[in-house]
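[1] Below is the sequence, then the predicted model.
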Amino acid sequence: MATNITYHPPHLTRAERTALRRQQGLTIWLTGLSASGKSTIAVELEHQLLTQYNVAAYRLDGDNIRFGLNKDLGFSEADRNENIRRIAEVAKLFADSNTIAITSFISPYRKDRIRLAIC
């Protein structure tokens with residue numbers, strides 16, 4: 001890891017940000033087999049949260065992420081683990097900003113799903 005980087009903590013506490021945004025951030029992690037409807041559910045959920053409930057939400061879809069952030073990854077076990085790790089970090093950033101992050105990923109490895117549950 002680089003030694004010339006510095007973590008810059010947020011200026012506002014989570015409670016202060018929640019009071020300003022009037023919503024809490026969280027991550028909804030949809031997982032399932034390929035073509036099982038994860039993306040379809042995520043699209044509709046995001047739409048309903050935004051339009052019906054006026055809640056800040058953003059969808060992180062497995063296929064879309066692989067076109068950008070994770071385009072350097074393949075489908076080996078190591079690459080799949082890294083794919084999920086990166087997505088979890090991005091989802092955490094959204095949740096920390098008091099946005100609902102909706103993720104839809106295959107997440108094939110139990111150890112990754114367990115790790116996500118405790119993040």
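    Done, it's in.
[2] what sits against the residue at minimal distance from the centre of the chain?
    Nearest to the geometric centre of the chain sits Ala91, at 2.6 Å (CA atoms, centre = their mean). By CB atoms under 8 Å, 6 or more residues apart in numbering, Ala91 lies in contact with Thr27, Trp29, Leu60, Ala101, Thr103. Yep, even glycine has a C-beta here, placed from its N, CA and C like the rest.
[3] got it, and Ser97?
    Arg17, Gly25.
[4] tell me the pLDDT at it?
    At Ser97, the pLDDT value in this model is 92.
[5] With Phe75 instead?
    pLDDT recorded at Phe75 is 90.
[6] Which residue in the contacts of Ala91 has the weakest pLDDT?
    Lowest pLDDT of those: Trp29, 90.
[7] name the element that residue belongs to?
    strand 26-31 (DSSP states H and E).
[8] where does the nearest residue to Asn70 once chain neighbours are set aside fall, phi/psi-wise?
    Counting by CB to CB, 6 or more residues apart in numbering, Asn70 lies nearest to Asn83, which is 5.1 Å off, once chain neighbours are set aside. Here the main-chain torsion angles of Asn83 (degrees, to the nearest 10) amount to phi -60, psi -50.
[9] the helices in the protein, which residues?
    14-21, 38-51, 62-67, 77-96, 110-117 (DSSP state H).
[10] and Arg59, how many neighbours?
    Applying other CB atoms under 10 Å, we find 21 residues neighbouring Arg59.
[11] OK, contacts around it?
    Contact analysis of Arg59 by CB under 8 Å, 6+ apart lists Ala42, Val43, Leu45, Glu46, Ile102, Thr103, Ser104.
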